[in-house]
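# sharing a model that was predicted from the sequence below.
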Amino acid sequence: MEFRYLPMTEEDKTDMLKTIGVESTDELFSDIPPEVKLDREMKLKPPENEYSLTEEMRRLSSKNSDIRQYVSFLGAGVYDHHIPSVVDHVISRSEFYTAYTPYQPEISQGELQAIFEFQTMIAELTAMDLANSSMYDGGTALAEAITLAASQTKKKKILLSESIHPDSKEVIGTYAKAHNLELVMIGENNGTVSIDELDEHLSDDVAAVAVQYPNFYGQVEPLGEVKSKIEEKAKKAMFVVSANPLALGYLTPPGAFGADIVVGDTQVFGIPAQFGGPHCGYFAVTKKLMRKVPGRLVGETVDENGERGFVLTLQAREQHIRREKATSNICSNQALNALASSVAMTSLGKEGLYQMAKMNIQKAMYMKNRLESEGLTVMFDGPFFNELVVQLPQSVKVVNERLHEEGIIGGFDMRRVNEKYEDCMLVAVTEVRSRQEIENFAKIVGGIS
Amino acid sequence: MNNGAYPLIFERSRSGRTGFSLPQNDVEEMDVDGLFDEDYKRKEKADLPEVSELQLIRHYTGLSSRNHGVDTGFYPLGSCTMKYNPKINEDVARLPGFSHIHPFQEESTVQGALHWMYDLQESLSEITGMHTVTLQPAAGAQGEWTGLMMIRAYHEERGDTGRTKVIVPDSAHGTNPASATVAGFEAVTVKTDERGLVDIEDLKRLVDEHTAALMLTNPNTLGLFEEDIVEMATIVHDAGGKLYYDGANLNAILGYTRPGDMGFDVVHLNLHKTFTGPHGGGGPGSGPVGVTEELEPYLPKPLLVKQEDGYGFEYERPQSIGRVKPYYGNFGINLRAYTYIRTMGAEGLKRVSEYAVLNANYMMRRLEKSFELPYSQHCKHEFVLSGSIQKKLGVRTLDMAKRLLDFGYHPPTIYFPINVEEAMMIEPTETEAKETLDDFIDTMERIAEEAEHDPEKVQEAPFTTVVGRLDETTAARKPVLKYQPEE
């Protein structure tokens, strides 16, 4: 069998063995104790040629209902947005995608500068002093934000809004166990965090208050009120906000409300859904937390000729230097996806971002109107971004099956979040949904009894 | 010659230029401004760059030309396994039926995806000799943490709450002790002996009723196989501890031996190393974790299982440590790894390790003539040289690394592992041809000669890169972490 990734010839092999001074490659493995040597071939499918494997994978892929063929109203943290053509062209340049972490700055200026630009864009969007080079995703970024707040304040109690993404809450639960943190869920009131409940639980022993903006139900959390409560009752507690960066094209950024840590996911900018990953977390903080940030940071400096250049910096925070004393164990991050998001944000620019964010709200609002005209109840009446919760006459599963027959992927089953949301669907409407698609959806759902 | 600074995208921006094309706004009549309180409407639009599409493309193309990837040239970066990233993987990952599916779709609408995910889990189980594999962890470090959390849950559930320590060799990757800390353990260091292997006597001294686990990379970061592995496993297991396998160096042993057969209880893999997921300039990676049957109940949830009517996720897992990542892992990276495994099969994967090890030993035997080789037994997929001879001449390993840049090479990993003076860690991988190795060796010999006869040339390198040596001290002392226009 020939393998196109392996250039070794018999002649090379003979030459090399001779240089090493051994008879066969087996001798090079003689340090493996015989009792743990594998004495059979691994049981794997046989090697496949390029054509057949591509065809097999194409057939498998076509078994899935993808959101390019189907019209999708599913969001819940992963959104169907337009991805500019330029994005894939840039990230397909192999100088970017086949490179390692830029530890040798002289031959990694492209990557380093691209990350520096990403950090700048995220800091601008969130109105924070600085941002890191990326995290795995929004959920783990939020969990890291909470552990950072706990270590910074030396306190263990975390107040978590119930209206945070369910998967993020689960991830936070796992991280909280690791750090022995106490999680207190703050309930909602008409779809946003209950300020009364927050008031009840806020005290000097609170490390952080975390909310999502817009929250999982699409509602815009009253960040100003949350911040005032923290100021009033627990001055030292950190204000952590998980924000959809696209929404920040229209909404007041968390930094302007005095957030200490802002995290989220940049999947909305140029990253396909791809079944939930890889996406790209971001992590932005105030200057005070600069030396506590997890993950890599790129900084500007000069070379020996005084010319501007970029390097990985403040590495004394990181695992490869600090080992067991590092602020986090993160090593690989999501650099290529951060690049994709940078390209998408550059493509949008100042004006495009604003228009896109606003269009999301407009289309979601149009959906709300249509659903209400069909006699359905849209829950909560606060301001929202591009998602809303609608009460259905049937279970979400049944409605989604019906929609699927019509070439539509319906929304998220809210029962997964809370049993009180039986028969409630979280519907996402982004800029790519047309008026007609929205009307059609409302009509089908409205027609189910 | 160094050709100096390159404008930032923000410096190319001009008010009024656009590079976007949004879908039609066919609901323009919706007045949303009244929906929000003034306080919640952004006062000034976010200042993203305003450039045309061509300007954008030129900017990023220019940046890419200031970057070195595997496709650009040889990248013998030890411990990172910078092998070729097959192009079919990229094409498969971009099939719309994979790249455009949503994690919350009904399971019946994504069976094609679940099918290969399950097959990948099974393949990785066979490759590692473990009972069950999860694809959820996002990268190697998260896999480490996941594995340690499972070990913690296992001990705690048995009421064995005094196991607070995780033993880590002094040659280990930095993520090992860091992961131990963030999983709530205390990291304890075991020494390396004169063979470059774990000091068994020191290990015996350290292991006791407080030992939760021993974390091991095998072959270790010196590229040497821990030949006492069976005895080590017995020592740790007899004391009630668990054995953790860091899969960073799995590329050396595919088809020769398996962590499960060596006695490991938990394994993480770096699919972006051994299994050709591209490194992407720092990520994304993927860090699946495999466990023994005993630890299976603690795996993160949900777990992908085969059911009567197809594949589905199992959420009812009461002993699970919980979720470590939203959704189901870095699907796109897992897909590339799956495509690679299917391309190679068992025969191909074994040859991968055979040639990775052959290449490394060949380079080691030729380079030991010009550089100090602290451990002289056969290596596995990588080896570590010391720059101590050259240091005496006033030339540091850092200088030699910078000089390599002038010849179009990415340097080896330097100053790691930390237990070798002036370390240079070289990993050629199996995808490099002998001519490439020979050329690199010739260059290294030339640099060794320069160190002797023309040390300044090495000390002042690089000469051909787009920037010269950068001032990292000032960067850390006065951090500038974002662009700020001059007022």
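Received, thanks. Residues are numbered from 1 along each chain as shown, chains lettered A, B, ... in the order given.

# in the stretch 351-487 of chain B, where is pLDDT below threshold?
The model of the stretch 351-487 of chain B has pLDDT under 70 over residues B:487.

# where do the helices sit along it?
For the stretch 351-487 of chain B, applying DSSP state H, counting those that start in this stretch gives helices covering B:388-391, B:397-405, B:434-453, B:455-459, B:472-477.

# and what of chain A?
For chain A, helices defined by DSSP state H occupy the ranges A:10-20, A:50-62, A:85-91, A:94-97, A:109-126, A:138-153, A:166-178, A:195-201, A:223-233, A:319-322, A:335-373, A:396-405, A:435-447.

# mind giving me the packing neighbours of the longest one?
It stands for helix A:335-373. Packing contacts for helix A:335-373, counted by 3 or more Cβ pairs under 8 Å, 6 or more residues apart in numbering or on different chains; DSSP states H and E, involve helix A:85-91, helix A:94-97, helix A:109-126, strand A:377-378, strand A:387-391, strand A:424-428, helix A:435-447, helix B:53-65. C-beta: built from backbone N, CA, C; applies to glycine.

# which stretch among the ones you listed comes nearest residue B:232?
Closest of those to residue B:232 is helix A:94-97, at 38.2 Å (criterion: Cβ to Cβ).

# quick one: least confident helix or strand in chain A?
Taking mean pLDDT, DSSP states H and E as the measure, the helices and strands of chain A show their lowest mean at helix A:319-322, namely a mean of 81.

# distance between that one and the chain's centre?
The chain centre lies 25 Å from the centre of helix A:319-322; the measure is Cα atoms, centre = their mean, to the nearest Å.

# same question, stretch B:297-314
27 Å.

# around residue B:485, how many other residues sit close by?
9 (other Cβ atoms under 10 Å in any protein chain shown).

# also residue A:59?
11.

# and if you look at residue A:296?
26.

# pLDDT below threshold where in the stretch 1-150 of chain B?
Using pLDDT under 70, the flagged stretches of the stretch 1-150 of chain B are B:1-4.

# the host helix or strand of residue B:113 vs helix A:50-62, what angle?
According to DSSP states H and E, residue B:113 maps onto helix B:111-128. Relative orientation of helix B:111-128 and helix A:50-62, computed by axes from the mean of the first three to the mean of the last three Cα atoms, to 10 degrees: 130 degrees.

# can you pull the contacts of residue A:334?
A:134-137, A:278-281, B:280, B:283-284 (Cβ atoms under 8 Å, 6 or more residues apart in numbering or on different chains).

# return the residues in contact with residue A:239.
A:208-209, A:226-227, A:230, A:254, A:257-261.

# that one pairs with what?
Under DSSP bridges, the beta-bridge partners of residue A:239 are residue A:209.

# roughly how far apart are it and residue A:220?
16 Å (Cβ to Cβ, to the nearest Å).

# now residue B:200
In terms of Cβ to Cβ, residue B:200 sits 61 Å off from residue A:220.

# now residue A:385
Residue A:385 is 7 Å from residue A:220, by Cβ to Cβ.

# how about residue A:23?
In this view, residue A:23 and residue A:220 are 72 Å apart by Cβ to Cβ.

# neighbour count for these two, which is higher?
Neighbour totals were compared for residue A:23 and residue A:220, and residue A:220 leads with 23 against 9 (other Cβ under 10 Å).

# tell me the pLDDT of the closest residue to that one other than its chain neighbours.
Of all residues not flanking residue A:220 in the chain, residue A:383 sits nearest, at 4.6 Å (Cβ to Cβ, 6 or more residues apart in numbering or on different chains). According to the prediction, residue A:383 has pLDDT 97.

# tell me how far residue A:39 lies from residue B:247.
Distance, residue A:39 to residue B:247, using Cβ to Cβ: 22 Å.

# more neighbours, these two?
Using other Cβ under 10 Å as the criterion, residue A:39 and residue B:247 rank with residue B:247 on top: 28 against 6.

# excluding sequence neighbours, find me the nearest residue to that one.
Using Cβ to Cβ, 6+ apart and skipping the chain neighbours, the partner closest in space to residue B:247 is residue B:269 (4.0 Å).

# before we move on, the earlier item: was I right about the residue nearest to residue A:220 contacting residue B:34?
No - with contact defined as Cβ atoms under 8 Å, residue A:383 does not reach residue B:34; the gap is 9.7 Å.

# so which of the two has more stuff around it?
Using other Cβ under 10 Å as the criterion, residue A:383 and residue B:34 rank with residue A:383 on top: 21 against 6.

# please report how far that one lies from residue A:368.
11 Å.

# of all the helices and strands packed on helix A:335-373, which one is nearest residue A:306?
Per Cβ to Cβ, nearest to residue A:306 of the helices and strands packed on helix A:335-373: helix A:109-126, 15.5 Å.

# outline the domain layout of the chain.
Chain wasn't specified; assuming chain A. According to the TED database, chain A comprises the domains A:71-82+A:350-447, A:85-344.

# oops, wrong one, chain B.
B:1-21+B:45-66, B:88-343, B:353-475 (automatic domain parsing).

# pick the most deeply packed of those.
Comparing the domains of chain B by mean neighbour count (mean count of other Cβ atoms under 10 Å in any protein chain shown), domain B:88-343 ranks first with a mean of 22.

# next up, the contacts around residue 391.
Using chain A here. A:376-379, A:423-424.

# to clarify, I was referring to chain B.
B:397, B:421-422.

# and if you look at residue A:439?
Residues in contact with residue A:439 (Cβ under 8 Å, 6+ apart) are residue A:370.

# again, only using 10 Å
A:366-367, A:370, A:373-374 (Cβ atoms under 10 Å, 6 or more residues apart in numbering or on different chains).

# output the residues you listed in JSON lines, with neighbour count and pLDDT appended to each entry.
Output for the contacts of residue A:439, formatted as JSON lines (neighbours: other Cβ atoms under 10 Å in any protein chain shown; pLDDT from 0 to 100):
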{"residue": "A:366", "neighbour count": "21", "pLDDT": "98"}
{"residue": "A:367", "neighbour count": "27", "pLDDT": "98"}
{"residue": "A:370", "neighbour count": "22", "pLDDT": "98"}
{"residue": "A:373", "neighbour count": "12", "pLDDT": "97"}
{"residue": "A:374", "neighbour count": "17", "pLDDT": "97"}
